[in-house]
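J.: For reference, the sequence and a predicted model appear below.
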Amino acid sequence: MSNSAPTNVHFPSSAGNVKEPIRSGHDNLGATKDDGDVLSVIVPRDPILGAETISISPVRNCGIVLDQEKSKQPNTDNKTVKKSTTQTGKEGWRKFGGIIFGVLSSLCFSLTLLLAKVLREQYDYHPICVTIWRYVGILAPAIPISIYYHFCTSEPVFDSVWPMSNVKNLKHCLAYVLQGISGCSSIIFRFYSLEYITLADASVVSFSSPVLVAILAHFCLGEKCSVVSICVAILTVLGVMVIARPPLLTSGTPDDAKVWIGVLLAVVSLACGSALLILMRNIRQTHFSLMLLVGGGWGVGQSGAMGWALDVLKVPDTIWVWSLLGCLGLMTFLGQIGIIMALKYENAGPVAVIRSSEVLFAYLWQLQFFSIYPDVYS
């Protein structure tokens with residue numbers, strides 16, 4: 001220890017009054033200090049090596065434990081380990097979980113739009129009536145799923161909303177209510193827009209949502225909003241204007257009024273759908289079955305009340321119509337599961353961009369089943 005700096009050495013004293021100095025190879029060893037059960041000895045060290053202090057702390061009946069204290073340089077090992085753990089948290093397919101579930105959700109929801117248009121044009125089902133059956137497809141399986149997870153597993157399903165005396169749970173309840181309103185309203189306005197514009201055009205307008213979602217996510221969730229997002233927003237607004245076919249482009253055709261009504265309904269659906277994504281991202285930590293249960297229950301209640309008030313409710317009269325409505329409910333349920341899981345793996349902005357792939361599916365179904373080719377404006 002000829003080149004060592006001062007060091008505190010603590011030894012347990014087996015006898016309370018023993019004060020024998022400890023030699024470490026130096027003649028200028030400091031005096032001992034009796035501190036109860038610990039003998040402190042100061043050993044000189046070379047000041048060039050720094051004023052690092054090493055203490056030997058007693059552990060009764062367990063020998064001597066070495067501990068390093070008061071290091072001048074901060075220890076960044078924990079931060080490095082934590083950072084590397086966070087970066088490698090998603091492994092394998094989980095890194096692409098948001099993309100996979102987002103695309104599957106888009107496929108399922110595009111099929112629900114196709115079925116809604118078929119039910120409206122061929123079987124005279126009102127958009128609100130179609131919306132009811134759509135949300136029945138979410139609520140029906142959500143009830144047994146919630147019961148199973150609540151009673152048969154240890155996963156807390158309702159802890160995020162009950163008891164409501166908790167401020168955090170109260171905020172979750174408010175978010176669920178807003179989610180139900182925005183989700184149901186988005187579907188109703190979107191189904192209404194199909195009466196005035198084509199399936200693909202309605203999808204183009206409705207899924208311009210990445211623009212609004214990116215802006216809302218920046219202010220509400222603290223997500224980044226880059227210059228690229230702003231440029232995309234401007235291009236999207238121009239695209240919606242082209243879809244609306246203003247007289248400047250079409251020279252004033254008789255269908256302009258219908259197109260403008262359809263675009264307006266699709267834009268309202270866009271706003272409601274964007275708010276829905278933000279709310280779902282905000283409560284993503286809650287159990288997915290609770291999201292399905294609340295969303296499906298609220299959708300059935302809201303659309304059912306509107307359908308009863310407008311007297312547009314209709315019961316299926318053939319097995320084929322029952323099968324179409326069953327497929328509508330199934331595709332809605334799978335699509336909702338997909339969007340919930342996508343938001344658990346990815347931020348709201350990227351999920352909204354991925355969901356825009358529904359436009360491609362909409363053009364495909366429109367061409368395959370209705371033989372409608374997109375024009376230059378689409």
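T.: Structure's in. What do you need? What you are looking at is a predicted structure, and each value in this text was computed from that prediction instead of being measured. Numbers count the residues shown, from 1 in each chain.
J.: quick one: the helices in this structure?
T.: Using DSSP state H, the helices found in the chain span residues 77-87, 97-123, 127-151, 167-193, 199-206, 209-220, 227-243, 247-250, 256-282, 288-310, 319-345, 348-355, 358-370.
J.: packing partners for the fifth one?
T.: I take that to be helix 199-206. helix 97-123, helix 167-193, helix 227-243, helix 256-282, helix 358-370 (3 or more C-beta pairs under 8 Å, 6 or more residues apart in numbering; DSSP states H and E). For every residue, glycine as well, the C-beta is placed using N, CA and C.
J.: Out of those helices, flag the one nearest residue 323.
T.: Comparison of the helices and strands packed on helix 199-206 against residue 323 by C-beta to C-beta identifies helix 97-123 as nearest, at 10.3 Å.
J.: Report the buried residues of that closest one.
T.: Buried residues in helix 97-123, counted by 16 or more other C-beta atoms under 10 Å: 97-120, 123.
J.: One more: stretch 285-293?
T.: Neighbour counts over stretch 285-293 (16+ other C-beta under 10 Å) mark 286, 287, 288, 289, 290, 291, 292, 293 as buried.
J.: Now do the same contact list for the last one.
T.: To tie it back to what came earlier, the one meant is residue 293. When contacts are counted by C-beta atoms under 8 Å, 6 or more residues apart in numbering, residue 293 touches 139, 142, 143, 146.
J.: next one: the fourth one
T.: The contact partners of residue 289, by C-beta under 8 Å, 6+ apart, come to 142, 145, 146, 149, 157.
J.: repeat that for 6 Å
T.: Residues counted as contacts of residue 289 (C-beta atoms under 6 Å, 6 or more residues apart in numbering) are 145, 146, 149, 157.
J.: Filter these down to just the buried residues.
T.: Here, 16+ other C-beta under 10 Å leaves 145, 146, 149, 157 buried among those.
J.: Columns distance to residue 278 and pLDDT on top of the residues you listed, output as a markdown table?
T.: Formatted as a markdown table, these follow (distance: C-beta to C-beta, whole Å; pLDDT from 0 to 100):
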| residue | distance to residue 278 | pLDDT |
| --- | --- | --- |
| 145 | 25 | 88 |
| 146 | 24 | 87 |
| 149 | 25 | 86 |
| 157 | 23 | 78 |
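J.: What separation is there between the residue lying closest to residue 300 once chain neighbours are set aside and residue 346?
T.: Leaving aside its chain neighbours, residue 300 sits nearest to residue 135 (4.6 Å; criterion: C-beta to C-beta, 6 or more residues apart in numbering). Using C-beta to C-beta, to the nearest Å, residue 135 is found at 25 Å from residue 346.
J.: and the two? which has more neighbours close in?
T.: residue 135 (28 against 22; other C-beta atoms under 10 Å).
J.: Do I have it right that that one meets residue 297?
T.: No - judged on C-beta atoms under 6 Å, residue 135 makes no contact with residue 297 at a distance of 8.1 Å.
J.: From residue 147, how far out is the closest residue to residue 131 other than its chain neighbours?
T.: In this structure, residue 131 finds its nearest non-sequential neighbour in residue 303, 4.2 Å apart by C-beta to C-beta, 6+ apart. Residue 303 sits 24 Å away from residue 147, going by C-beta to C-beta.
J.: Same question for residue 110.
T.: In terms of C-beta to C-beta, residue 110 sits 31 Å off from residue 147.
J.: For residue 193, give me its contacts.
T.: Shown in contact with residue 193 (C-beta under 6 Å, 6+ apart): 202, 262, 265, 266.
J.: Show me which pair in these is furthest apart.
T.: The span of the contacts of residue 193, defined through C-beta to C-beta, is set by 202 and 265 at 8.3 Å.
J.: which of the two has more neighbours?
T.: Shown here are residue 202 and residue 265; by other C-beta under 10 Å, residue 202 has more neighbours (28 against 24).
J.: can you list the domains in the protein?
T.: 7-72, 96-370 (automatic domain parsing).
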